[in-house]
Structures are given as C-alpha cells and as structure tokens.
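Enquirer: Mind looking at a prediction? Sequence and model below.
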Amino acid sequence: MKVAKFGGTSLANAEQIKKVCKIIRADQERRVVVVSAPGKRFKEDTKVTDLLIQYAERFLAAGEAPKEKQAIFARYQEIVKELQLSAGVGGQIEAELDAVLSNQKNLSAERFMDAVKAAGEDTCAKVVAHYLRSLGEDAHYVNPLDAGLLVTDEVGNAHVLPEAYEKLAALGADRGITIFPGFFGFTKSGDLVTFSRGGSDITGSILAAAVKADVYENFTDVDSVYVVNPNLVAHPVEVKEITYREMRELSYSGFGVFHEEALIPAYQANIPVCIKNTNNPSAPGTMIVSEPPVSTKRVSGIASDSGFCSIYVSKYLMNREIGFGRKLLQILEEEGLSYEHSPSGIDNISVILRERDLTVEKEERIVERISRELRVDDVSVTHGLALVMIVGEGMRQSVGTTARAAAALAQAKINLEMINQGSSEVSMMFGVKAVEADRAVIALYQEFFCNEEENQPVLANHVSSVSV
Ligand SMILES: Nc1ncnc2c1ncn2[C@@H]1O[C@H](COP(=O)(O)OP(=O)(O)O)[C@@H](O)[C@H]1O
Ligand SMILES: N[C@@H](CC(=O)OP(=O)(O)O)C(=O)O
C-alpha cells in the first residue's frame with residue numbers, strides 16, 4: 001500500500017485537482033491520500049492557508065471580515081464549478097466551511113486561528129473525495145478526530161502523540177480510497193491543533209508509518225529534490241537518492257520542498273519516501289532511504305536559511321571553569337529559549353538562536369545576566385545571520401571538504417562569521433551575513449558541482465584521494 005500526499009501547488013485549482021485524481025486512479029496501491037489546502041496558482045497568488053490567516057486576524061480584530069471571507073469562498077467556488085460537482089455538494093461544502101469561519105464562540109483567539117487554518121485542508125479533502133466519487137471511485141473523506149490523529153496541545157506547532165499510531169493503523173483496512181486532510185490533529189480533550197506551517201508533509205509521514213506503507217509518496221511541483229534550491233540556481237543537479245539523515249539536515253537548513261519534521265515518523269518505521277512531481281508523474285523523483293548508495297557523492301546538497309542571531313561570550317580560562325556551559329545554557333532555558341548550535345573555543349563560546357525567539361527585552365536581560373552572573377570578559381549579540389549548510393554522507397570518507405568550501409567562500413569574498421562541523425560528520429555549517437547567503441550557496445555549488453573531474457563520486461567506506 002502507498003500513502004500519497006499532495007501539496008498545495010498540486011491542488012491549486014480544478015485543473016491541478018484533476019491531475020491529482022488521475023495519479024490516484026493510476027495505481028490501486030494509492031489507498032491513503034493526504035491533501036493540503038489549495039496553494040498558489042501563479043507566482044504572485046496567495047495560498048488558501050494565508051487567505052485563512054488574513055481572515056482570522058481581521059475577524060479577531062474587527063468582529064467580521066467579509067472581504068477576506070469572500071476571497072476564500074471564491075477559491076473553492078471556482079474549483080467546485082470547474083470540477084462540475086453538483087450544486088447540492090457545493091452548497092454543503094460551503095455551509096460547513098462557513099460554520100468554522102463564523103464560529104468563534106467558546107474558542108480562544110489562538111484556537112480560533114488554528115480551527116480556521118485547518119479548514120483549508122479539511123475543505124479540500126471533502127472536495128477531492130466528492131470529485132473522485134463523481135468519477136465512480138469508492139473514495140471517502142476521513143476526519144483526523146474520528147481517525148485518532150492525537151497530538152500535543154501546542155497551538156500552531158503540534159506534535160504527534162505515540163498512541164495515535166495504533167488508532168490510525170485501522171486506516172490500512174479501510175475500503176476504497178481514504179482522503180485525509182493534512183496539517184492538523186486533535187488533543188486528547190478534542191481540541192483541534194495544527195502542525196507548523198507546511199505540516200501536511202508531517203500528516204502524510206504519520207499515516208505512512210501507521211499503516212506500514214510500502215512507500216510514502218510526496219507529490220509536489222518539481223521533478224526531484226535538487227542539490228540546491230532551484231530558485232537560486234537554474235537547472236541544478238538532481239538528487240536521485242538521499243538518506244533520511246541528509247534530508248533532515250537539508251530540510252532544517254532551508255530545503256523548502258519537504259518539512260524537516262516529516263522525516264521522523266517515516267524514518268522510525270523505515271518507510272522509504274519518494275518526492276514526485278504532480279505535473280510529471282512519470283519522472284522517477286527522489287528516494288529518501290536509510291542507507292547511502294554504495295557510491296556516494298562527497299556533498300549531497302547545499303542549503304541556507306536566514307533569521308538567526310549569535311550570542312558571543314568570551315572569558316579567559318573558560319575551558320577550566322567547571323559548569324560554565326551549563327550555567328550559560330540555563331540562563332537561556334530560564335528565558336524559555338532553545339538554541340540551535342553552539343560552536344566553542346578555549347576562551348569563548350557562541351550560541352546560535354532563531355531571531356524570532358529573541359525579543360528586545362529578553363536580549364537585554366540575557367546580556368545583563370551573562371555579564372553579572374558569569375563574570376565574563378565580553379558578551380555581544382550579532383543579528384542578521386544566515387546558516388549555510390553543506391551536507392553529505394560522503395564527507396565522512398573525504399578529506400579536505402572544509403578547506404575547499406572555505407577557499408570557495410573566500411574567493412567569493414564572503415566573510416565567515418563562524419564554522420561548525422556537526423558531530424555526525426555529515427554536515428558542515430557556515431555562519432554568514434544573511435545578505436551574503438545566496439552568493440555563498442552559489443559559490444559552494446560551483447565548487448562542488450560544476451567541476452566534473454572534481455565531482456567524481458567517492459566510494460562509501462573508502463578514503464578519497466583528494467586532500468587539502
Ligand atoms: N533543494 C530543493 N529541491 C527542490 N525544490 C526545492 C528545493 N529547495 C526549495 N525548493 C522549493 O520547494 C518547492 C516545493 O515545495 P512547496 O512549495 O512547499 O510545495 P507543495 O505545495 O507541493 O507542498 C519547489 O517548487 C521549490 O521551489
Ligand atoms: N497548507 C498548510 C500546510 C501545508 O503543508 O501546505 P503545503 O503542502 O502547500 O506546503 C501551509 O500552507 O502551511
């Protein structure tokens with residue numbers, strides 16, 4: 001059995017939904033289907049999820065938002081009409097959507113926001129199920145509450161609860177084709193909570209693990225995962241196969257094609273993931289697997305993400321002070337902050353955080369506490385950083401990757417704020433000013449992928465002859 005997830009671009013309008021249904025019908029193994037909300041139809045368009053957020057924000061501020069509501073209805077009305085669904089079906093779908101958008105009673109502002117956001121996928125799943133039925137298929141919409149998709153009570157950032165898997169396993173025995181809305185689940189108390197943005201990928205992975213699918217197919221709008229963001233480099237090298245670990249690092253670092261948290265359920269259940277193109281389903285796509293291929297490249301991908309800041313702390317003989325690191329991180333913990341990385345030297349340490357988590361007040365308090373409580377020589381915060389990540393299982397067997405990367409960045413006149421090699425040795429991180437991130441990725445792409453001779457595959461478990 002296959003679990004297939006279709007992203008927003010695959011469901012943006014009726015024409016796309018027809019392609020999706022053709023793909024579902026082409027393979028009887030595609031029995032559990034997860035759908036996102038309709039995405040962008042063209043570059044400047046707005047995703048339905050963003051329309052829903054705009055609606056909820058206006059509604060919460062003004063008590064009504066007729067213009068925003070109409071924009072949402074217009075998207076679904078056009079789809080229903082072009083799919084030639086009956087007036088009765090269209091009316092029912094619209095009434096159910098309207099009930100969610102108009103019902104703030106007994107809901108806090110944040111719960112209302114999550115309920116409205118989830119209505120995008122929920123409505124889309126109903127439309128797809130109706131359309132498949134109109135084509136004669138035995139398809140049915142399943143609600144995550146009824147199916148038992150239990151999640152933590154973290155509004156807008158839910159995580160699946162372990163007991164959900166057992167309940168969801170029953171979907172594997174369902175008759176016909178199950179159409180399941182992505183992006184949200186329910187707490188044990190029955191409250192709706194969404195995953196973080198892009199979270200329909202997570203739903204697909206959870207269902208694939210629960211029903212022990214042979215493969216989790218993730219349909220999007222590109223033929224494969226590429227070694228760099230195709231919006232940055234035209235026609236970059238395609239990735240045929242990549243490990244969960246590499247993909248996890250690259251998704252974390254900015255590969256928008258697959259949600260970083262979506263790999264865990266599939267990985268734990270050892271379900272291979274295949275990224276495929278709805279607009280070109282015969283293309284083989286990219287397989288995400290547990291073991292690297294025998295002949296693996298030194299570098300599998302290069303990604304970057306901005307929105308980071310760094311707290312730099314220096315103190316003479318820091319290395320001799322027992323408990324220094326713990327006390328520093330405890331200050332961050334007490335301010336409710338998680339940290340991303342922490343490169344260190346003998347007398348200094350940096351802690352990298354997401355900028356969105358650090359308010360001005362928190363920053364002032366943290367700097368003051370570090371100075372006073374840890375009696376440091378220097379503490380400063382640098383904003384506007386991007387992290388550029390080179391990832392590859394082959395790096396473990398290769399010598400000189402850091403030197404080549406640093407030289408390429410130096411040649412492009414990019415100043416390095418920091419370098420950090422992950423303990424797993426499959427990734428290497430460079431901190432640069434956010435404005436220089438794209439240039440850094442391009443320079444690294446040229447270094448590792450545009451020189452045929454240098455880019456010969458290196459054998460796994462074999463030390464490359466390339467040296468510094
Ligand atoms: N390394 C990469 N390989 C492929 N696509 C990438 C990569 N990095 C970013 N992307 C972008 O991810 C997009 C697909 O993700 P997304 O827009 O979330 O699709 P969906 O609507 O199917 O969920 C692609 O159109 C591409 O622009
Ligand atoms: N619609 C949600 C969830 C999602 O996964 O969407 P997409 O498949 O378009 O990335 C969002 O925009 O965040």
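Expert: Structure's in. What do you need? Ligands and ions are numbered 1, 2, ... in the order given.

Enquirer: Tell me how many other residues surround the residue lying closest to Phe112 once chain neighbours are set aside.
Expert: Leaving aside its chain neighbours, Phe112 sits nearest to Gln104 (4.9 Å; criterion: C-beta to C-beta, 6 or more residues apart in numbering). The way it works is simple: take the backbone N, C-alpha and C, and place the C-beta from them, glycine included. Counted by other C-beta atoms under 10 Å, the residues lying close to Gln104 total 18.

Enquirer: cool, and Phe308?
Expert: Count around Phe308 with other C-beta under 10 Å applied: 22.

Enquirer: Could you do Gly336 as well?
Expert: The tally of other residues near Gly336 (other C-beta under 10 Å) stands at 8.

Enquirer: check which helix or strand covers it.
Expert: Using DSSP states H and E, Gly336 sits within no helix or strand.

Enquirer: Please tell me how far it sits from ligand 2.
Expert: Separation of Gly336 from ligand 2 (C-beta to the nearest ligand atom, to the nearest Å) stands at 24 Å.

Enquirer: Please report phi then psi for the most centrally placed residue in the chain.
Expert: By C-alpha atoms, centre = their mean, the mean C-alpha position of the chain lies nearest to His259, the distance being 1.9 Å. Taking degrees, to the nearest 10, you get phi -60, psi 130 for the backbone angles of His259.

Enquirer: tell me, how many neighbours does the closest residue to Phe73 other than its chain neighbours end up with?
Expert: Nearest in space to Phe73, with sequence neighbours left out and distances taken as C-beta to C-beta, 6+ apart, is Glu94 at 6.4 Å. Other residues near Glu94 come to 15 when the count uses other C-beta under 10 Å.

Enquirer: tell me how far stretch 251-266 is from the chain's mean position?
Expert: Chain-centre distance of stretch 251-266: 4 Å, with C-alpha atoms, centre = their mean, to the nearest Å.

Enquirer: Just list the residues touching Phe449, thanks.
Expert: Phe449 makes contact with 227-228, 236-237, 299, 455, according to C-beta atoms under 8 Å, 6 or more residues apart in numbering.

Enquirer: would you turn the residues you listed into JSON lines with neighbour count, pLDDT and distance to ligand 2?
Expert: Shown next, in JSON lines, are those (neighbours: other C-beta atoms under 10 Å; pLDDT from 0 to 100; distance: C-beta to the nearest ligand atom, whole Å):
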{"residue": "Val227", "neighbour count": "25", "pLDDT": "96", "distance to ligand 2": "21"}
{"residue": "Val228", "neighbour count": "22", "pLDDT": "95", "distance to ligand 2": "19"}
{"residue": "Pro236", "neighbour count": "19", "pLDDT": "93", "distance to ligand 2": "21"}
{"residue": "Val237", "neighbour count": "18", "pLDDT": "94", "distance to ligand 2": "24"}
{"residue": "Val299", "neighbour count": "26", "pLDDT": "91", "distance to ligand 2": "26"}
{"residue": "Asn455", "neighbour count": "15", "pLDDT": "49", "distance to ligand 2": "31"}
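
Enquirer: biggest separation within these, which pair?
Expert: Val228 and Asn455 (13.6 Å; C-beta to C-beta).

Enquirer: So for stretch 286-304, what gets flagged as buried?
Expert: Neighbour counts over stretch 286-304 (16 or more other C-beta atoms under 10 Å) mark 286-289, 292-293, 296-304 as buried.

Enquirer: what do you get for stretch 138-155?
Expert: Those would be 139-142, 144, 147-151, 155, for stretch 138-155 by 16+ other C-beta under 10 Å.

Enquirer: what about that stretch, near ligand 2?
Expert: No. Legend: contact between stretch 138-155 and ligand 2 by C-beta under 6 Å from any ligand atom is lacking; minimum distance shown is 13.3 Å.

Enquirer: hmm, back to that, let's see which of the buried residues of stretch 286-304 end up in helices.
Expert: Per DSSP state H, helices hold no members of these.

Enquirer: can you map out the helices along the stretch 101-250 of the chain?
Expert: 109-134, 144-147, 164-168, 200-210, 244-252 (DSSP state H, counting those that start in this stretch).

Enquirer: ok so, going back, settle this for me: the residue nearest to the centre of the chain is touching Ser251, isn't it.
Expert: Yes. At 6.6 Å, His259 and Ser251 qualify as touching, with contact defined as C-beta atoms under 8 Å.

Enquirer: quick one on the thing from earlier: now the residue nearest to Phe73: how far from Gly88?
Expert: Distance of Glu94 to Gly88, given as C-beta to C-beta, to the nearest Å: 11 Å.

Enquirer: Which neighbours do those two have in common?
Expert: Residues touching both Glu94 and Gly88 by C-beta under 8 Å, 6+ apart: none at all.

Enquirer: Outline the domain layout of the chain.
Expert: Domain assignment for the chain by automatic domain parsing gives 2-291, 301-459.

Enquirer: Phi, psi for the residue of the chain found nearest ligand 1 please.
Expert: Among the residues of the chain, Gly7 lies nearest to ligand 1; the distance is 2.0 Å by C-beta to the nearest ligand atom. When quoted as degrees, to the nearest 10, the phi and psi of Gly7 stand at phi -80, psi 170.

Enquirer: what's the burial count for it?
Expert: Neighbour number of Gly7 under other C-beta under 10 Å is 24.

Enquirer: Thank you kindly, that will do.
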